[in-house]
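Peer 1: A structural model of the following input is requested.
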Amino acid sequence: MELALCAVAVSLALLLGVAVVALAIQYRRDPSHSTCLTDACVRVASKILEALDPEADPCQDFYQYSCGGWIRRNPLPNGRSKWSTFNSIWDQNQAIMKHLLENATFNSSSEAERKTQRYYLSCLKEQRIEELGSQPLVELIDKIGGWNITGPWNQSNFMEVLKLVSGTYRATPFFTVYVGADSKSSNSNIIQVDQSGLFLPSRDYYLNKTANEKVLAAYLDYMVELGMLLGGAKEPTRLQMQQVLDLETQLANITVPQAERRDDEKIYHKMSIAELQALAPAIDWLDYLAYALAPLELADTEPVVVYGDAYLQQLSELINGTDILNNYLIWNLVQKTASSLDQRFETAQERLLETLYGTRKSCTPRWQTCISNTDDTLGFALGSLFVKATFDRDSKAIAEEMISEIRTAFEVSLDQLDWMDEKTKQAAKEKADAIYDMIGFPDFILDNKELDDVYDGVSEDSFFQNMLNFYNFSAKVMADQLRKPPNRDQWSMTPQTVNAYYLPTKNGIVFPAGILQAPFYARNHPKALNFGGIGVVMGHELTHAFDDQGREYDKEGNLRPWWQNSSLEAFKNRTECMTEQYGRYTVHREKVNGRQTLGENIADNGGLKAAYNAYKSWLQRNGEEKRLPALGLTNHQLFFVGFAQVWCSVRTPESSHEGLVTDPHSPDKYRVIGTLSNSRDFVEHFGCPLGSPMNPGKHCEVW
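Peer 2: Residues are numbered from 1 along each chain as shown. Reported below is the predicted structural model:
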């Protein structure tokens with residue numbers, strides 16, 4: 001080991017020496033000193049250079065040019081179906097949270113933070129989890145009334161089992177119920193009902209049997225194995241699980257594909273509980289909703305928004321014609337809770353994931369699993385610890401300034417559109433002005449009293465019981481929202497999350513602390529990289545307010561028609577160009593769904609344009625930046641390379657297939673190629689000849 005380390009040290013010293021000499025030569029050849037040679041510039045230039053494939057022609061395949069080196073240096077880790085910049089940052093964030101929760105001197109004045117540590121440590125107690133085995137779930141099933149697959153069952157009352165499985169333990173058989181802002185009256189919360197009930201990621205897995213034969217076989221094996229681990233005999237369990245799988249296939253058949261649910265105006269149906277009862281009479285809706293939202297009192301006049309009326313109507317007929325309801329309901333509870341049990345259940349799940357996503361041998365350490373579980377359940381209390389330890393408060397002000405610059409750039413482009421009439425253009429500008437931005441974290445997490453009021457009890461010993469407590473608690477939190485107006489400052493993502501989002505009913509954009517770090521953003525990086533990284537993300541989320549779904553909501557977050565017909569037709573023509581463009585891209589001979597990915601593609605294209613225009617405006621005010629050393633790139637070129645390298649990734653063929661059928665985003669490669677081949681600025685700065693793959697001549701452009 002010492003010899004190996006010594007050899008590595010010598011190699012690094014030689015490399016560093018060569019780099020210093022090269023930089024010194026470059027410095028002497030640069031009499032105007034226009035090259036940035038700070039430590040930060042040298043480091044980031046090195047990382048960019050490592051990720052590039054200098055042999056690739058940027059006008060032929062800009063993704064390969066930008067990411068070829070990264071892909072060579074990043075073979076897919078064991079246990080992962082995808083590896084990307086996002087995964088890498090999340091791993092770093094998890095390591096920070098592990099350190100905070102396992103710190104021997106942990107001493108928080110917040111009860112919520114102390115609960116978070118107890119919850120995490122209960123997940124780490126593998127010996128105790130192994131000792132309990134399947135007992136916690138067996139006892140829960142018995143408490144509900146038994147399961148025909150594992151033994152005697154005395155609860156054949158469909159509604160009673162449904163209320164417990166779905167209302168108390170938050171599984172989602174048949175449908176999902178939640179409380180949220182009414183899309184047509186965004187200042188009030190309302191009960192909402194939508195389709196659900198499939199275990200596999202998409203209806204396609206059930207209906208396209210030839211292509212997914214291996215997955216369906218692995219899923220049935222998984223169902224049988226879990227049934228047997230809970231006490232079922234092999235042959236009867238397989239017979240009954242096949243019936244459950246057949247029922248799920250029938251559900252898949254009536255489930256509406258995501259690509260056909262993009263027009264919120266068409267799928268929004270407001271009705272009373274009494275009208276919902278008439279639509280889907282197989283379920284006693286007033287009984288179910290009164291239980292799920294207890295202690296609130298509901299009458300059959302209570303308004304409900306239904307997003308799947310045809311689905312619920314057909315579901316009701318399916319329920320009336322099915323005699324395995326108990327088996328299906330308990331299966332939903334089993335698959336939701338099994339991950340909290342012993343290693344046998346985890347191993348069974350890993351076998352299914354290997355077939356479904358192509359993961360090879362999971363080597364995820366227990367602590368990482370437990371951090372993810374803690375993030376899912378007590379995420380904002382965990383976020384409080386994370387933010388206090390890592391977040392640079394100055395980043396919030398800098399991010400707010402960047403958003404302002406990108407918003408201004410977007411509005412300037414808006415003024416220049418020749419396809420939008422003046423009245424609609426003015427309304428769009430007002431909507432852009434009204435977009436509410438939230439950066440870093442919600443303020444309440446730094447207030448101990450407010451944070452402590454958010455979370456319910458956590459047991460020291462039983463991880464399984466902690467999971468049940470959380471499900472029960474989250475049901476109460478949901479019920480509590482119904483008689484209150486929506487909280488504009490409520491977040492849907494925890495601060496440590498490496499992501500961002502736009503919420504139409506709030507006309508708000510959110511950028512958690514987790515994503516406000518390199519390579520997306522760093523205070524000492526060139527502005528070209530910051531605008532190409534977090535700047536494009538900001539422009540992306542802002543453009544979601546004007547994609548094919550977001551554009552249906554006005555500046556107050558209400559779903560209503562505010563476009564003139566001529567502009568709406570022009571918008572649809574322009575989006576059709578994008579639908580066709582992305583629909584021509586393929587991964588492993590399988591086509592991208594241009595309609596399913598339309599909203600994200602509009603946001604990618606609009607976000608890149610707004611961020612680049614904001615960067616140009618910054619340069620006009622501040623003058624040219626120094627260039628990074630050794631890259632041979634102008635700062636304008638660096639902007640586009642920085643954008644592309646955010647999306648460097650590798651994934652298994654199985655995971656790629658899953659992404660194509662479920663993900664509203666295009667594959668990472670085409671998020672780069674599709675967006676840049678539509679950018680006239682990109683074509684200009686890389687000098688791509690007309691007719692080359694990155695300059696096909698036809699540019700799809702909406703915003």
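
Peer 1: where do the strands sit along this protein?
Peer 2: Taking DSSP state E to define them, one finds strands in the chain at 82-84, 175-182, 185-195, 269-272, 303-306, 436-440, 501-503, 508-512, 586-587, 590-591, 649-651.

Peer 1: Skipping its backbone neighbours, what lies nearest residue 68 in space?
Peer 2: residue 53 (2.5 Å; C-beta to C-beta, 6 or more residues apart in numbering). In short, each C-beta sits where N, CA and C put it, glycine included.

Peer 1: hang on, the one you found packs against residue 62?
Peer 2: No: contact between residue 53 and residue 62 fails when scored by C-beta atoms under 8 Å: they sit 10.4 Å apart.

Peer 1: Compare the two (neighbour count), which wins?
Peer 2: Taking neighbours as other C-beta atoms under 10 Å, residue 53 and residue 62 compare with residue 62 leading, 26 against 18.

Peer 1: OK, contacts around that one?
Peer 2: 640, 644, 672-673, 676, 682, 686, 694 (C-beta atoms under 8 Å, 6 or more residues apart in numbering).

Peer 1: Please name the residues that touch the residue nearest to residue 68.
Peer 2: So residue 53 contacts 64-69, 72 (C-beta under 8 Å, 6+ apart).

Peer 1: again, but for residue 558
Peer 2: 183-186, 505.

Peer 1: And for residue 203?
Peer 2: 252-253, 255, 257.

Peer 1: Next one: it from residue 491, what distance?
Peer 2: 30 Å (C-beta to C-beta, to the nearest Å).

Peer 1: Equivalent analysis for residue 552, please.
Peer 2: Distance from residue 552 to residue 491, by C-beta to C-beta: 23 Å.

Peer 1: Point out where the protein drops to low pLDDT.
Peer 2: 1-33, 155, 362, 456-460 (pLDDT under 70).

Peer 1: domains of it?
Peer 2: 1-32, 34-75+394-442+491-703, 134-169+187-340 (automatic domain parsing).

Peer 1: that older thread, need the strands of the chain in JSON lines with distance to residue 312 and mean neighbour count, can you?
Peer 2: Output for these, formatted as JSON lines (distance: least, C-beta to C-beta, whole Å; neighbours: other C-beta atoms under 10 Å):
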{"stretch": "strand 82-84", "distance to residue 312": "34", "mean neighbour count": "19"}
{"stretch": "strand 175-182", "distance to residue 312": "7", "mean neighbour count": "20"}
{"stretch": "strand 185-195", "distance to residue 312": "7", "mean neighbour count": "20"}
{"stretch": "strand 269-272", "distance to residue 312": "10", "mean neighbour count": "16"}
{"stretch": "strand 303-306", "distance to residue 312": "6", "mean neighbour count": "20"}
{"stretch": "strand 436-440", "distance to residue 312": "33", "mean neighbour count": "18"}
{"stretch": "strand 501-503", "distance to residue 312": "25", "mean neighbour count": "21"}
{"stretch": "strand 508-512", "distance to residue 312": "30", "mean neighbour count": "24"}
{"stretch": "strand 586-587", "distance to residue 312": "34", "mean neighbour count": "14"}
{"stretch": "strand 590-591", "distance to residue 312": "31", "mean neighbour count": "13"}
{"stretch": "strand 649-651", "distance to residue 312": "35", "mean neighbour count": "21"}
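
Peer 1: Show me the one of the ones you listed that comes nearest residue 169.
Peer 2: strand 175-182 (13.3 Å; C-beta to C-beta).

Peer 1: which secondary structure elements does that closest one contact?
Peer 2: Under the contact definition 3 or more C-beta pairs under 8 Å, 6 or more residues apart in numbering; DSSP states H and E, strand 175-182 sits against strand 185-195, helix 285-292, helix 463-481.

Peer 1: Reformat the ones you listed as JSON lines; add distance to residue 94.
Peer 2: Conversion of the helices and strands packed on strand 175-182 to JSON lines gives the following (distance: least, C-beta to C-beta, whole Å):
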{"stretch": "strand 185-195", "distance to residue 94": "31"}
{"stretch": "helix 285-292", "distance to residue 94": "33"}
{"stretch": "helix 463-481", "distance to residue 94": "18"}
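
Peer 1: So for residue 537, which of these sits nearest?
Peer 2: Once the helices and strands packed on strand 175-182 are compared by C-beta to C-beta, strand 185-195 is nearest, at 24.5 Å.
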